Structures are given as structure tokens and as C-alpha cells.
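Participant: Can you look at this prediction? I've put the sequence above it.
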Amino acid sequence: MTVLHSAPKIASHEGVIDAISETISVWLLDAHEAHGELIFTVRREDIERVLRVLRDDHAYQQLMEIAGADYPQRPERFEVVYMLLSLTKNHRIMVKCSTDEATPVPTVTTLWPNAGWLEREVFDMFGVTFAGNPDLRRILTDYGFEGHPFRKDFPMTGYTELRYSEDEKRVVYEPVDLAQDMRTFDFLSPWEGAEYQLPGDEKAQQPPLGDEKKPPVSDPKVTEKPADTGAGPKADEKAAEGTGANPPKMKNGGAKPGAPEPTEDSPDRAPPKSNVPETKGATKPEGGDE
């Protein structure tokens, strides 16, 4: 029997795509469901208008996050993703738009004040600009940082590194100087093995020898007569002589010594002054022999 919870984690997706798509159909490019998420792709220049409709007409009150994604093979390589939450519907949706390095995206700080810092993060990490943002500055990287770290063409080591200079008594920027060359990895599965041969692998390439291929023993050792085993009359006489390891004979015939005599007599214990019986009498079963 299926039990429906009175307060599910999220509301059902049934009918949501059709209802929203009908409202924003003029600006909508694509709408689909993937990985349990409802995703709407709209035109870049109309993103502010679409989000306003979703906030006012469909009760998606909160802007939870603005994220970026980089696809260098596309003409418009960047995607800006807006994640909205409806508190009254207990539901979430995602809205996307695309842009390139030179084309700005309209700001949504006119709808949600927290979009100011979220847009600054996307600008800092990807280099996407937002037209109308009153304070579009870097927010995560250091002052004077060059480039945008989340772009796919940004090197993992970066372009510059900073350190504290004892001579100048301040933090200085210098080009990246690696202590050793970057290692290369083949990314092969350890179960499949590498294409190159490691020392010792040549032994494993030789097929094991079967019983029919093993070389025969040239001179097997057998025991066909008693002399081959070391047994015989001489061995018996040697065994009868005994060795120095035999235990010495006991003077009293091997009898075990008796218990020592008591050194003093133990006085009898005084009778108890209370009515509590002694332990011996208390633990003796009733009706037992004294």
C-alpha cells in the first residue's frame, strides 16, 4: 500500500512545463526535464523579463543561485543558470541563457538584491559581464588577479603566483615557476594495465609449464633396502645405549613429597555478636548434613 506523505520533499513536475512554457512561449527556446530538474532555456536579452514573470505570476519567490558553465566548442560558449525556488509550491526550476565573452547579460538585481553578489561570482570565475549591475567587481579571487579560473582554457597552475618578499616587506606577484615539470598521466584503468612494459612483466608473459612439459628428475631418491633408510642392527644397538638426556633416578623411589606440617595453630573464630548468620551456615542447603 502506497502512503502519500502530507509534506513531500518537492512537488510533482506534472503539468509544470506546459504551464510555464505557455506563459513565456515568446522568449522560450527549449524546455525539458533532465535528472529530475525542470530546465528552461530562454533568449539572453529577455532573461530579466522571463524571471520577472516566473516570480510574479508563478510564485517562484526566491533566487537561490546563479551558476556558470563553459562550453568552448559553442559559438556562445558560456551558459548562465538561474535556480529558482517557490516556497508556496515547494518546487524548484532552472532557467538558462547563453552568451559569449563580449556580450553582456541583463542584470536581475532589479528583481532580487542578492543577485548582485551572485553575478559577481560568475563574472569573476567565467568573465561573463552583466549589464546594469551597479558593482560588478571580482569577489573570490585576489586583487590584481589575471584571467578567469573556471574557463576551460585557463591553466591549472595559473599565470602568476604571489609570495611575501622579505626584501620589499610586502606581497609580490611573480610568474609561475614550477619546481618540477608537471607529471603526465595515462588515465588507464589499473585493471586493464598500461600499454608500456614494467620491469618484471616479461616473466608473466611466459606460459606456465604443464605436467607433461616439466623436465623429468634425472636421479630420483628411493628407499629400496633398509640401508637406504638408516635402519638396521647398528641403529637398534645405538638406540639401546641411551643418552645423557635421561632424567636422573630419584633417591626416595620417585614418591612425591608430602604436605608440610603447620607452623602454628589457628585460634577459633569468635562467635558473631549480631543476628546475621555466618557465611558457612547461610550458604549450606536446608536439610543438609553437618
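Facilitator: Nice, I can see it. Residues are numbered from 1 along each chain as shown.
Participant: Does anything pack onto the host helix or strand of I17? Which helices or strands?
Facilitator: Secondary structure assignment for I17, by DSSP states H and E: helix 16-23. In terms of contacts (3 or more CB pairs under 8 Å, 6 or more residues apart in numbering; DSSP states H and E), helix 16-23 is packed against strand 28-34, strand 37-42, helix 47-57, strand 91-99. Heads up, the C-betas are built off the backbone N, CA and C, glycines and all.
Participant: Looking at stretch 172-179 now, give me its mean pLDDT.
Facilitator: Stretch 172-179 comes out with an average pLDDT of 78.
Participant: sorry, that was for stretch 74-82
Facilitator: On average, stretch 74-82 scores 96.
Participant: what ranges do the helices span in the stretch 101-250 of the chain?
Facilitator: Here the stretch 101-250 of the chain has its helices, by DSSP state H, counting those that start in this stretch, at 115-126, 201-204, 226-229, 233-241.
Participant: just checking, R151 touches F126?
Facilitator: Yes. With contacts defined as CB atoms under 8 Å, R151 counts as touching F126 at a distance of 6.2 Å.
Participant: quick one: low-confidence parts of the stretch 1-150 of the chain?
Facilitator: Where the stretch 1-150 of the chain drops to pLDDT under 70, the residues are 1-10.
Participant: could you dump the helices and strands packed on helix 16-23 to CSV with mean neighbour count and distance to W112?
Facilitator: CSV is the format used below for the helices and strands packed on helix 16-23 (neighbours: other CB atoms under 10 Å; distance: least, CB to CB, whole Å):
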stretch, mean neighbour count, distance to W112
strand 28-34, 13, 21
strand 37-42, 18, 17
helix 47-57, 17, 8
strand 91-99, 20, 13
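Participant: what's the closest of these to D236?
Facilitator: strand 28-34 (92.2 Å; CB to CB).
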